[in-house]
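K.L.:
Curious how this folds, go ahead:
(2 chains)
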Amino acid sequence: MTAETTGAPAAFNPQDVLRAQVRWHPLEILFWLATLLPFVLTPTYLVLCSQVAFAALFALSLDLLVGYSGLVSLGHAVFFGFGAYAAGLVAKAGWGEPISGLFISMVVAGFVGYLVSFIMVRISHFALIMVSLGLCLLAFELANQLHWLTGGDDGLQGIEMWPILGTFKFDLYGKVAYSYTLIVLFLSFLVLRRIVNSPFGLSLRGLRENQRRMPAIGAPMRKRLQVVYMISGAFAGLAGALSAQTTQFVALDALSFQRSAEVLVMLVLGGAGRLYGGLIGSIIFIVARDQLAGMNPQYWYFWLGLLLVFVIIFLPNGILGGLAQLVAHLRNRRS
Amino acid sequence: MIARFVSLLFDGFAYGMLLFVLSVGLSVTLGMMNFVNLAHGTFAMIGGYVTVTLMRQAGWPFFATLPVAFIAAAAASVVLERVLYRRLYRATDLDQSLLTIGIVFMSIAIAAYLFGTNQQPVQLPSYLTGRIAYGDFNFGVYRLFLVAAALAITAILVLGLEYTRFGARVRACVDNQRMARGLGLNVDGVFMATFALGSGLAGLGGALAIEPMGLDPNFAFKYLVYMLIVVAVGGLASIRGAFVTAALLGVIDIFSKYYVPEVGAFVLYLVMVGLLIWRPAGLFARR
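P.N.:
Numbering: from 1, shown residues only, chains lettered A, B, ... in the order given. The predicted structure is shown next:
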């Protein structure tokens, strides 16, 4: 971005810069077309693909907080878990209609996000890390204790989903599940893309860069952060709901710290603050986990840790950040 | 009734003292360098495994293994500091947390690979087991030993910080790192020494913790939460804060497990979140 704008300072027009960000790049269209490939190339892996899709949505929702607003969260699984349990419980209570289930989960998780935001906007730095972690542990303990409601350690079983729109029944091979999660992911992506490029999204980026200056030029910091917690929570809840509906099961680990850490890894691996980072990161993460944990499940955490250390030390802006740097470098050399 | 209450209080205090030894190093290093080191539990775990291995494989007596546990954890921390942490002092909280979480994950897998996932038993010397009865009250000998050891360590730390040259340097670096650097102090060197000392104490704590807390590969993560609570609630770089918080935490934890076991760790997390909302910088914040 900077390489492009510094080239011609005389004709600098902020509206052009913003428009360039909103415009669809050919690579983006290619990426979304490529998400259809699994139907043809790897039809036996569609279940895994739907896992990638809801993990990607989860990572996108976290990107709003971490990448765009510069907040830290070690407890994002709270929203995912609330969404998953909401969707699961609604279906178990006898309303197995998937799409309205998604909306219910979004509202529940968004509301949780709004409540949490009252706490989060008051604190920063180490206390923020600790409180987000603490809330995640609290939610986990709560779900563990409410055995009659959540099934506790055994997970929420006996979820029965009705066919989507009354016609498409969830099948064993994940064909419907992947189509369903992919469509929801794409629609959510459109909404999130619109949000981050809106004036609201720009003010979030402003807060990320300088938390003191934004209020000084008239952006109400707390209100903005509360709204972003709500949106982020809602989309994380949507991801949780997708996981509950497609697997027809909610494990207690939907609320665990490990889940919060994993989604951070996906985001940081791909590159935070650029939407596609979460998508790429979740693809690599889930596929790697499937392969490595398939070999030796016990030592998966070793590879996960190694990956984290490697990315943080050598690719501080993630894979996409590294690529962008490379492209900018090559372009500079040419000109 | 009263006797039960007193002995629970004592057990809680002993447990808290152990938590203090485990977390005091984290408190000081976090306060000095602002480095979010979530891998502190890993150093404690190293100490625990060193003690277990030396006692079982080499037949060393329990007390002889303690200094080795200290040195092993300190040495490991220096290596990590040199190779990895050093690069991230100026990075964001997020990057620091993620790097150190990565180290925790790796250490859990390595411990599982080397020692298996079972609890590691430890055979304490006979004079440390058993209980001392005094009228209605009775106290575990090992608990008494823990309290005595922790109090001794606290005294050494407080006196060392107050009255030695090194202690003065550490205080200067915590209070105002830039100023200390400007006056010609070797801040990085002081930090490395403090870091090694703190991690060594964690290793010692890990060795002492085998009997009361158990030792398995998840130790690095399971007790990390407790250490972080001590640091966050006590306030960064405050030995007094860490001491009081650790004692309270131990007592609350033992009491809630005894009287309301069905609530589990819930109370603890609730207290922590509540305290942090009330005073984000900790109860005994210096700044």
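
K.L.:
how far away is residue B:222 from residue B:230?
P.N.:
To residue B:230, residue B:222 is 14 Å away according to CB to CB, to the nearest Å. Glycine gets a C-beta too; all of them are placed from N, C-alpha and C.

K.L.:
The two - which one has more neighbours?
P.N.:
A count of neighbours by other CB atoms under 10 Å in any protein chain shown puts residue B:230 above the other of residue B:222 and residue B:230, at 29 against 14.

K.L.:
Next, the contact list for that one, please.
P.N.:
Applying CB atoms under 8 Å, 6 or more residues apart in numbering or on different chains, we find residue B:230 in contact with B:19, B:20, B:22, B:23, B:26, B:27, B:242, B:245, B:246, B:249.

K.L.:
Next up, phi/psi of the second one, please.
P.N.:
Spelled out, that is residue B:20. phi -60, psi -50 (degrees, to the nearest 10).

K.L.:
Report the contact partners of it.
P.N.:
B:150, B:154, B:230, B:242, B:243, B:246, B:247.

K.L.:
Which member of these is positioned nearest chain A?
P.N.:
residue B:230 (11.0 Å; CB to the nearest CB).

K.L.:
any idea where the helices of the stretch 1-150 of chain B begin and end?
P.N.:
Here the stretch 1-150 of chain B has its helices, by DSSP state H, counting those that start in this stretch, at B:2-33, B:40-57, B:62-83, B:93-115, B:141-163.

K.L.:
Can you add distance to residue A:107 and give those back as TSV?
P.N.:
Below are the helices of the stretch 1-150 of chain B laid out as TSV (distance: least, CB to CB, whole Å):
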stretch	distance to residue A:107
helix B:2-33	39
helix B:40-57	38
helix B:62-83	45
helix B:93-115	29
helix B:141-163	50
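
K.L.:
Just say which of these is most tucked in.
P.N.:
helix B:40-57 (a mean of 25; mean count of other CB atoms under 10 Å in any protein chain shown).

K.L.:
Just give the nearest non-adjacent residue to the residue positioned nearest the centre of chain A, would you?
P.N.:
Residue closest to the average C-alpha location in chain A (CA atoms, centre = their mean): residue A:59, at 2.0 Å. Distance criterion CB to CB, 6 or more residues apart in numbering or on different chains; nearest residue to residue A:59, sequence neighbours excluded, is residue A:278 at 3.2 Å.

K.L.:
biggest helix in chain A, by residue count?
P.N.:
When chain A is parsed with DSSP state H, its longest helix is helix A:221-247.

K.L.:
helices and strands around that one, which ones?
P.N.:
Packing partners of helix A:221-247 (3 or more CB pairs under 8 Å, 6 or more residues apart in numbering or on different chains; DSSP states H and E): helix A:46-63, helix A:77-92, helix A:98-120, helix A:175-197, helix A:199-209.

K.L.:
Buried deepest among those, which one?
P.N.:
Burial among the helices and strands packed on helix A:221-247, expressed as mean neighbours by mean count of other CB under 10 Å, is greatest for helix A:77-92, which shows a mean of 28.

K.L.:
just for the stretch 151-287 of chain B, where's the confidence low?
P.N.:
Counting by pLDDT under 70, the stretch 151-287 of chain B contains low-confidence ranges at B:285-287.

K.L.:
Show me where it has its helices.
P.N.:
B:165-175, B:177-182, B:187-213, B:219-222, B:224-234, B:239-259, B:266-278.

K.L.:
For residue A:206, which of these is the nearest?
P.N.:
Between residue A:206 and the helices of the stretch 151-287 of chain B, the shortest gap by CB to CB is with helix B:266-278, which sits at 26.3 Å.

K.L.:
returning to that earlier point: the residue nearest to residue A:59: neighbour count?
P.N.:
For residue A:278, using other CB under 10 Å, the count is 34.

K.L.:
quick one: it from residue A:326, how far?
P.N.:
The value you get for residue A:278 to residue A:326, if CB to CB is used, is 20 Å.

K.L.:
Same question for residue A:274.
P.N.:
15 Å.

K.L.:
more crowded one of these two?
P.N.:
residue A:274 (19 against 10).

K.L.:
got a list of what that one touches?
P.N.:
By CB under 8 Å, 6+ apart, the contact set of residue A:274 is A:63, A:67, A:320, A:321.

K.L.:
That one belongs to a helix?
P.N.:
No: Residue A:274 is assigned coil when assessed by DSSP: H, G, I helix; E, B strand; the rest coil, not a helix.

K.L.:
what does the stretch 101-250 of chain A have sitting close to chain B?
P.N.:
By the rule CB under 8 Å from any CB of the partner chain, the part of the stretch 101-250 of chain A lying against chain B is A:119, A:122-127, A:129-131, A:133-135, A:137-138, A:141-142, A:144-145.

K.L.:
Now with 6 Å, please.
P.N.:
A:119, A:123, A:127, A:130, A:131, A:134, A:137, A:138, A:141 (CB under 6 Å from any CB of the partner chain).

K.L.:
Of these, which pair is most distant in space?
P.N.:
Maximum pairwise distance in those, criterion CB to CB, is 21.2 Å, between A:123 and A:141.

K.L.:
From residue B:119, how far off is the residue located most distally from the centre of chain B?
P.N.:
When each C-alpha in chain B is compared with the mean C-alpha position (CA atoms, centre = their mean), residue B:135 comes out farthest, at 33.7 Å. To residue B:119, residue B:135 is 35 Å away according to CB to CB.
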